[in-house]
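Trainee: Whatever this is, show me its structure:
(chains A and B)
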Amino acid sequence: MEALSSKKKVLEQKPLSLSERLYLPAILKGMATTISHLFKRVPTVKYPEQQREFSKNWRGMHSLKRDEQGRERCTACGLCALSCPAEAITMIAAERQKGEENLYREEKYAAVYEINMLRCIFCGLCEEACPKEAIYLDGPIVPADYLRKDFIYGKDKLVEQPFHAEQAN
Amino acid sequence: MELALVIQKFILVIVIFAVSLLVAMYSTWAERKVAAFLQDRVGPNRAGPGGILQPLADGIKMFTKEEIIPLDSNKFLFIAGPSLAILTACIGSAVIPWSTPLTIGSKTIPLQVTDINVGILYIFGVVSLGVYGILIGGWASNNKYSLMGAIRAASQNISYEIAMGLSIIALLMSTGSLSLKVIVEQQSGFWAHGWFTWNAFQQPLGFLIFLVCAFAETNRTPFDLPECETELIGGYHTEYSSMKLGFYLFAEYINMFVSSAVMASLYFGGYNFPFMHHLGLDANWLSILGIVAMLLKTFFFIFLFMWVRWTVPRFRYDQLMDLGWKVLIPLSIVNIVLTGIWITVKDIYFK
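Mentor: All right, here's what the predicted structure looks like:
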């Protein structure tokens, strides 16, 4: 049969030479290899004490942003939920009442905003879909937990802390 | 006087027991550390600084695990197996001379539990008794894998004991004594009459055979066929749990310590170290330094055991038997003949 490509190589099976049959040279060579690893730098990052630096485009936990006056930017348009390939985001919209202008930027806001962290694949499409620059995946790693229900993060965990309060202090 | 001797020996026995248990304990830690370092990892580092308390944690774990005795097993033998394994592992160290005698006041205290004149035979007896622990445990478990492991252990130990014995015979021909104390004393110093005094340099082939056989006798990689977890799950200790399993694992490490000590004293001069007679030290200080030298040599061999374990893969069973019967036994017979010729030549022409 004609060879289809030149990649085929016929392995020649030679009987072992004396030094190969002795095992010892090969074993010593192997031991030299392993002992050289004794003096190599260990690449392990000892996690809880040391943390590896995240890359610049790292996508971690979501945070809902506030504007420069400390008002929530989210207007509950639902584009993030629509864009989410994992269907991890749900929200319930509400109308802003009189006297709440210092809390919400737009006339409509998200009364409930939930992300299921077990569904989320951290693709960042919500971030790109948001017209109000209200959601960013700039947080840390989502921590482990015991119960499924505890992975549904509400506004209490997602909305960033009002920064004017810190400035006042 | 008789009572004083009993107390003295009793203390020595306790100390050697404690030391060999401690060394075995920390061998488990060292094994994991060495494995980790040879594989570019860190190893246990959570229990205490550098994982130094890891053996304690492992011990507590072993003691608090559920104790399972299979329903179909032979209960008596099932318990006798690990007991025998650890017992034989512990009594092997009795004839090893740890150092030259200490002199306190008018008394000399030999740092050897007993100097029987058939010391090497005693060690051989204990080692071959050790396989019964594995054999009984594997058989009593009433489990196919355990039985396979036990059979392998028995046939492997029998095969390699022959080569080991033959390699020792060559050594005995040149030393002329079976007592470990005498053999070590003959290797005093490091250099005499234009050649090294240590037996490893006088019997290099014999040492190599002994080393390989020691690996096989202690069931260490590349000869860990009795327990090879990839083929036989756990081999002879598949059914064991709790501290009975701990005994088996522990016995392996004690065996490693004892066989390292035996190798150090038979072939690497025991407590002797280079320039020991040129330092001009007191006999007691020499004795203490001798203990240190002995332990250092032993630790080196323990490290060698680990180093080889994390380098060489396991032999196939037929390769193991080939190596034992077709290579090591003929080689050790050749070694005996060569030693005989050399002794004769030396007697006739170099006297």
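Trainee: any chance you could map the strands in chain A?
Mentor: For chain A, the strands defined by DSSP state E occupy A:63-64, A:89-95, A:108-116, A:135-136, A:152-153.
Trainee: for the record, mean pLDDT for the first one?
Mentor: Confidence over strand A:63-64, taken as the mean pLDDT, stands at 91.
Trainee: Please work out which residues outside that strand touch it.
Mentor: The list of residues contacting strand A:63-64 from outside it, by C-beta atoms under 8 Å, 6 or more residues apart in numbering or on different chains, reads A:72-74, A:113, A:134-136, A:138-139, A:155, A:158-160. For the C-beta atoms, the positions are set from N, CA and C on the backbone; glycine is no exception.
Trainee: ok, those vs B:Leu232, which is closest?
Mentor: A:Gly139 (49.1 Å; C-beta to C-beta).
Trainee: How about the contacts made by the residue nearest to that closest one when sequence neighbours are not counted?
Mentor: Here the nearest residue to A:Gly139 in space, its sequence neighbours aside, is A:Met61; by C-beta to C-beta, 6 or more residues apart in numbering or on different chains that works out to 3.1 Å. Residues near A:Met61 by C-beta under 8 Å, 6+ apart: A:Met117, A:Leu137, A:Gly139, A:Pro140, A:Ile141, A:Val142, A:Tyr153.
Trainee: give me phi/psi at A:Met61?
Mentor: With angles defined as degrees, to the nearest 10, A:Met61 sits at phi -70, psi 150.
Trainee: so where's the longest helix in the chain?
Mentor: No chain was given, so I picked chain A. When every helix of chain A is counted residue by residue (DSSP state H), the longest turns out to be helix A:24-38.
Trainee: Hmm, no, I was thinking of chain B.
Mentor: Using DSSP H to define each element, chain B has its longest helix at helix B:2-38.
Trainee: what pLDDT, on average, does the helix or strand following that helix get?
Mentor: Sequence-wise, the next helix or strand beyond helix B:2-38 is helix B:54-64, with elements assigned using DSSP states H and E. Here the mean pLDDT over helix B:54-64 is 89, rounded to a whole number.
Trainee: For helix B:54-64, name the packing helices and strands.
Mentor: In this structure, helix B:54-64 makes packing contacts with helix B:2-38, helix B:242-267, judged by 3 or more C-beta pairs under 8 Å, 6 or more residues apart in numbering or on different chains; DSSP states H and E.
Trainee: Ok, which of those helices comes nearest B:Val131?
Mentor: Each of these was checked against B:Val131 via C-beta to C-beta, and the shortest separation belongs to helix B:242-267, namely 10.7 Å.
Trainee: Spell out which residues of chain A are next to chain B.
Mentor: By the rule C-beta under 8 Å from any C-beta of the partner chain, the part of chain A lying against chain B is A:24, A:27, A:30-31, A:33-35, A:37-38, A:40, A:42-44, A:46.
Trainee: Go through these and say which is closest to B:Phe201.
Mentor: Distances from B:Phe201 to those, taken by C-beta to C-beta, are shortest for A:Leu24, at 17.7 Å.
Trainee: Next, the buried residues of the longest helix of chain B.
Mentor: Neighbour-count burial for helix B:2-38, counted by 16 or more other C-beta atoms under 10 Å in any protein chain shown, picks out B:12-13, B:16-17, B:20-21, B:23-38.
Trainee: What lies in contact with stretch A:77-84?
Mentor: A:87, A:89-91, A:93, A:108, A:120, A:125-126, A:128-132, A:135.
Trainee: and which of these is nearest to chain B?
Mentor: For chain B, the nearest member of the contacts of stretch A:77-84 is A:Cys120. The distance, counting by C-beta to the nearest C-beta, is 30.9 Å.
Trainee: okay, the angle between the longest helix of chain A and helix B:2-38?
Mentor: 80 degrees (axes from the mean of the first three to the mean of the last three C-alpha atoms, to 10 degrees).
Trainee: which residues touch helix A:24-38?
Mentor: Outside helix A:24-38, the residues within contact range by C-beta under 8 Å, 6+ apart are A:Ser19, A:Glu20, B:Phe37, B:Leu38, B:Gln39, B:Asp40, B:Leu208, B:Trp307, B:Val308, B:Trp310, B:Thr311, B:Val312.
Trainee: cool, and stretch B:161-177?
Mentor: Stretch B:161-177 is contacted from outside by B:117, B:120, B:124, B:127-128, B:178, B:182-183, B:186, B:199, B:202-203, B:205-207, B:209-210, B:212-214, B:217, B:266-267, B:324, B:328-329, B:331-333, B:335-336, B:338-340, B:343, using C-beta under 8 Å, 6+ apart.
Trainee: If we go by neighbour counts, what in it is buried?
Mentor: Under the neighbour-count criterion of 16+ other C-beta under 10 Å, stretch B:161-177 has B:161, B:163-175 buried.
Trainee: Among the residues you listed, name the ones in helices.
Mentor: Judged by DSSP H, the subset of the buried residues of stretch B:161-177 located in helices is B:161, B:163-175.
Trainee: A helix includes B:Ile109, no?
Mentor: No - assignment of B:Ile109 by DSSP: H, G, I helix; E, B strand; the rest coil gives strand, placing it outside any helix.
Trainee: where's the nearest residue in space to it that is not next to it in sequence relative to A:Lys56, distance?
Mentor: Beyond its immediate neighbours in the sequence, the residue positioned closest to B:Ile109 (C-beta to C-beta, 6+ apart) is B:Leu102, lying 4.7 Å away. Counting by C-beta to C-beta, to the nearest Å, the separation of B:Leu102 from A:Lys56 is 68 Å.
Trainee: neighbour-wise, which of these two wins?
Mentor: Higher neighbour count among B:Leu102 and A:Lys56: B:Leu102, with 16 against 5, using other C-beta atoms under 10 Å in any protein chain shown.
Trainee: three-state assignment of that one?
Mentor: State at B:Leu102, reduced to three classes by three-state DSSP: strand.
Trainee: and the residue nearest to B:Cys228 when sequence neighbours are not counted, what does it touch?
Mentor: Here the nearest residue to B:Cys228 in space, its sequence neighbours aside, is B:Arg314; by C-beta to C-beta, 6+ apart that works out to 5.7 Å. Applying C-beta under 8 Å, 6+ apart to B:Arg314 gives the contacts B:Thr221, B:Pro222, B:Phe223, B:Asp224, B:Leu225, B:Cys228.
Trainee: Quick one, which of those has the minimum pLDDT?
Mentor: B:Cys228 (71).
Trainee: How many residues are close by it?
Mentor: The burial metric for B:Cys228, expressed as a neighbour count using other C-beta under 10 Å, is 20.
Trainee: where are the low-confidence patches of chain B?
Mentor: Screening chain B residue by residue with the criterion pLDDT under 70, one finds the ranges B:1, B:194, B:351.
Trainee: how about the residues of it near chain A?
Mentor: B:37-42, B:45, B:208, B:307-308, B:310-312.
Trainee: Spatially central residue in chain B, please.
Mentor: With distances taken as C-alpha atoms, centre = their mean, chain B has B:Ser259 as the residue nearest its mean C-alpha position (1.5 Å).
Trainee: Verify the contact between it and B:Asn219 for me.
Mentor: No - using C-beta atoms under 8 Å as the test, B:Ser259 is too far from B:Asn219 to be in contact (11.0 Å).
Trainee: returning to that earlier point: and the residues of chain A next to chain B, which two are the farthest apart?
Mentor: A:Leu24 and A:Lys46 (38.5 Å).
Trainee: Which of the contacts of stretch A:77-84 are buried, as a ChimeraX select command?
Mentor: The ChimeraX selection below is limited to those of those classed as buried (16+ other C-beta under 10 Å):
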select /A:89,91,120,125,126,129,130,132,135
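Trainee: which one among the contacts of stretch A:77-84 gets closest to B:Leu320?
Mentor: Within the set of the contacts of stretch A:77-84, A:Cys120 lies nearest B:Leu320; the separation is 53.7 Å, counting by C-beta to C-beta.
Trainee: Counting neighbours, which bits of stretch B:249-260 end up buried?
Mentor: Neighbour counts over stretch B:249-260 (16+ other C-beta under 10 Å) mark B:Leu249, B:Phe250, B:Ala251, B:Glu252, B:Tyr253, B:Ile254, B:Asn255, B:Met256, B:Phe257, B:Val258, B:Ser259, B:Ser260 as buried.
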